[in-house]
Structures are given as C-alpha cells and as structure tokens.
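> structural data only, the sequence is not supplied:
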C-alpha cells in the first residue's frame with residue numbers, strides 16, 4: 001500500500017522514520033550475523049587443506065593423542081548432530097553453506113537499500129514540513145508585531 005508522505009503529519013512521519021530505522025538496524029544486524037557464520041565456514045573449509053597424509057600420526061595440540069585418520073572428519077550439521085564425512089565431501093558441504101549464506105545476504109541487501117532510501121525520503125519530507133512550519137510561524141509573528 002503506497003502512502004503519500006506529504007499527506008502525513010510530523011508525528012506520523014517521526015513514527016515512520018523510527019520504524020524504518022529499526023528495520024534498517026535489524027537488516028544490518030542480520031547481514032552481520034550471516035557474515036560471521038559465513039566466515040566460520042570459510043575458515044573451517046580452509047582448515048581442511050591442512051589435513052594430508054604427511055600429518056598422520058602428528059600429536060594434537062590441546063588433547064592427548066595423535067591424528068591418525070586424515071581422510072575423514074566430523075562435521076557439525078546443526079542442533080548438536082555430527083556426521084562423519086570424507087574431506088572432499090566436507091569441503092563441498094562447506095561450499096554449499098557458504099554459497100547459501102552469500103545468497104541470503106544478497107537477498108537482504110536490496111531490502112536494506114530500499115528501507116534506507118525510504119528513510120531518506122521521510123527525512124526530506126520532514127525537513128520540508130519543518131521549514132514550512134517555521135516560515136508560517138515567522139510570517140505570523142511578523143504580522144502580529146505590525
């Protein structure tokens with residue numbers, strides 16, 4: 001439903017501006033969270049390149065033991081479930097996740113830009129209305145002094 005901004009009062013415009021600021025903040029936060037998750041998947045995918053046959057039998061850093069199987073890894077697939085996958089399947093899994101997150105960010109970006117543009121339009125209309133009120137008040141105070 002299209003609304004003519006010039007027909008709204010200043011309090012209505014202020015409310016609309018506040019709403020648009022909240023929506024813009026939410027979308028910006030969503031993109032930021034998606035980027036954080038995407039970065040973790042990229043780092044996890046990159047860390048798989050370290051696994052190779054030369055590293056078999058290498059002592060682990062934080063727990064006692066050695067790395068024996070460099071062909072398979074446990075992958076967190078969500079909600080506390082882990083699946084054993086070979087390294088190539090895991091890389092493909094991470095690539096799909098990264099691509100999915102990229103597409104989600106690309107879907108959100110136009111909405112964010114649209115909300116930002118709407119907010120700017122509301123601010124412009126508010127400024128025009130404020131200037132009109134100020135000029136009306138100035139002209140009224142000028143006529144009352146005369």
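Perfect, thanks for sending it. Keep in mind that what you see is a predicted model, and the values were worked out from it rather than measured.

> what distance separates stretch 9-28 from the centre of its chain?
On the basis of Cα atoms, centre = their mean, to the nearest Å, the separation between the geometric centre of stretch 9-28 and that of its chain is 18 Å.

> how about that stretch: buried residues?
Of the residues in stretch 9-28, those with enough neighbours to count as buried (16 or more other Cβ atoms under 10 Å) are 13, 16-17, 20, 23-24, 27. Just so you know, the C-beta spots here come from the backbone N, C-alpha and C atoms, and that holds for glycine as well.

> so for whatever helix or strand residue 45 lives in, mean pLDDT?
Of the helices and strands defined by DSSP states H and E, residue 45 is found in helix 10-47. Across helix 10-47, the average pLDDT comes to 95.

> for that helix, packing partners?
helix 87-145 (3 or more Cβ pairs under 8 Å, 6 or more residues apart in numbering; DSSP states H and E).

> residue 87 contacts residue 48, doesn't it?
Yes. If you go by Cβ atoms under 8 Å, residue 87 and residue 48 touch, sitting 5.5 Å apart.

> what's the overlap in contacts for these two?
Both residue 87 and residue 48 are contacted by residue 73, under the criterion Cβ atoms under 8 Å, 6 or more residues apart in numbering.

> quick one: find the helix or strand in the chain with the lowest mean pLDDT.
Every helix and strand of the chain was ranked by mean pLDDT, DSSP states H and E. The lowest is strand 58-59, at a mean of 64.

> that older thread, quick check: angle from the helix holding residue 45 to helix 87-145?
Relative orientation of helix 10-47 versus helix 87-145 (axes from the mean of the first three to the mean of the last three Cα atoms, to 10 degrees): 160 degrees.
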